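Participant: Build me a model:
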Amino acid sequence: MSSPLCYVDAVSVSVCRLLVTVYRCDVMARDCSTCLSLREAQDNDVRYNCRWCGNTCQFNGTCHVAPSTDVCPHPHIQHVILSVFVYVIMGNKT
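Facilitator: From the prediction side, this is the model:
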């Protein structure tokens, strides 16, 4: 059972506790889709105020780029690696 946020102690002094969540958007999300998903409700209805700003995930208040439409940019293919797999099937020789 959790304790209340504020209560009156034995000498009638109001005592409150403050719950603070410290986070860095750029550490929690390295790509746009993960960044935008942080704004949706997570466990215990925690929402993070992150947005995709330029090429990084940033706290909404620190993004100085014009507000986006919260749609991720199309992916860019930077390089392709071709792999060749050779399978040798050996049959029974009878």
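Participant: So, low pLDDT: which residues of the chain?
Facilitator: 1-15, 41-46, 67-69, 84-94 (pLDDT under 70).
Participant: Kindly list the longest helix within this protein.
Facilitator: helix 32-37 (DSSP state H).
Participant: helices or strands up against that helix?
Facilitator: strand 50-53, strand 56-59 (3 or more Cβ pairs under 8 Å, 6 or more residues apart in numbering; DSSP states H and E). C-beta here means a position set from N, CA and C on the backbone, and glycine is covered the same way.
Participant: With distance to residue 33 and mean neighbour count added, can I get the ones you listed in TSV?
Facilitator: Below are the helices and strands packed on helix 32-37 laid out as TSV (distance: least, Cβ to Cβ, whole Å; neighbours: other Cβ atoms under 10 Å):
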stretch	distance to residue 33	mean neighbour count
strand 50-53	9	22
strand 56-59	10	18
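Participant: so which strand or helix has residue 22?
Facilitator: Residue 22 is located outside every helix and strand, with elements delineated by DSSP states H and E.
Participant: what separates it from residue 52, distance-wise?
Facilitator: Distance of residue 22 to residue 52, given as Cβ to Cβ, to the nearest Å: 21 Å.
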